[in-house]
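# Take this sequence and fold it.
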Amino acid sequence: MEFAVLKKKLTSFRSKEGKLKKVPGELLVAVLRTWEAYTGPMSEFSREIGLRQSQLGPLIHRARLYAKSSVQGAEDFTEIRVLEETPPAGESMIELSWEGGKVIRFRRTDELVDFLKKVA
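Down below sits the predicted model:
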């Protein structure tokens, strides 16, 4: 998102005292993604979007919390079912030790690679 557009959107959530109030989650995530893509110093970024550095820090913090708590990418989620059966004799499987002591078995390497890409 362009800095000018981001600045205008943030301006609409300023109070009379100049504080940011009730910034929606989508805008917080837009600020966070723009900040992550920005390669310059924080002072320049905050100036570009019309904030002081003391305002940008808490805004980025709230954006990170919102991004972690919201379900993003749920439309790309596909359920993987774990079969409790053992493979036929002579057939090898790839075993992945997962958190909580769970073991996930994959018959083919491409299934494992797809799984790792989706959970990353």
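
# Near Val29, how many residues? Count them for me, please.
16 (other Cβ atoms under 10 Å). All C-beta atoms are positioned from the backbone trio N, CA, C, and that covers glycine.

# residue contacts, it?
Ala63, Tyr66, Ala67, Ser70, Gln72 (Cβ atoms under 8 Å, 6 or more residues apart in numbering).

# just checking, which of the residues you listed belong to helices?
In this view, those that belong to helices under DSSP state H are Ala63, Tyr66, Ala67.

# Is Ser97 bridged to anything, and to what?
Val103 (DSSP bridges).

# any idea how far it is from Ser69?
The spacing between Ser97 and Ser69, counted by Cβ to Cβ, to the nearest Å, is 28 Å.

# Run through this structure and note the low-pLDDT ranges.
Within the chain, the ranges that satisfy pLDDT under 70 run 1, 71-91.

# excluding its backbone neighbours, what's nearest the residue nearest to the spatial centre of the chain?
Geometric centre of the chain, nearest residue: Ala67, 5.4 Å, by Cα atoms, centre = their mean. Once flanking residues are discounted, Ala67 sits nearest to Val29: 5.6 Å by Cβ to Cβ, 6 or more residues apart in numbering.

# right, and the helix or strand after the helix or strand where that neighbour lies?
Assessed by DSSP states H and E, Val29 sits inside helix 25-37. Downstream of helix 25-37, the next assigned helix or strand under DSSP H and E is helix 42-48.

# For that next one, name the packing helices and strands.
Counting contacts by 3 or more Cβ pairs under 8 Å, 6 or more residues apart in numbering; DSSP states H and E, helix 42-48 packs against helix 53-69.

# Send me the helix it packs on as PDB with only the CA atoms.
The C-alpha trace of helix 53-69 is given here as PDB (Å, rounded to 0.1, in the frame of the first residue of the first chain):
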ATOM      1  CA  GLN A  53       8.000   7.100  16.400                       C
ATOM      2  CA  SER A  54       6.300   6.900  19.800                       C
ATOM      3  CA  GLN A  55       3.000   6.200  18.000                       C
ATOM      4  CA  LEU A  56       4.400   3.700  15.500                       C
ATOM      5  CA  GLY A  57       5.900   1.300  18.000                       C
ATOM      6  CA  PRO A  58       2.600   0.500  19.800                       C
ATOM      7  CA  LEU A  59       0.800   0.400  16.500                       C
ATOM      8  CA  ILE A  60       3.200  -2.200  15.100                       C
ATOM      9  CA  HIS A  61       2.900  -4.200  18.400                       C
ATOM     10  CA  ARG A  62      -1.000  -4.200  18.200                       C
ATOM     11  CA  ALA A  63      -0.700  -5.200  14.500                       C
ATOM     12  CA  ARG A  64       1.500  -8.200  15.300                       C
ATOM     13  CA  LEU A  65      -0.900  -9.300  18.100                       C
ATOM     14  CA  TYR A  66      -3.900  -8.900  15.700                       C
ATOM     15  CA  ALA A  67      -2.100 -10.800  12.900                       C
ATOM     16  CA  LYS A  68      -1.200 -13.700  15.300                       C
ATOM     17  CA  SER A  69      -4.700 -13.900  16.800                       C
END
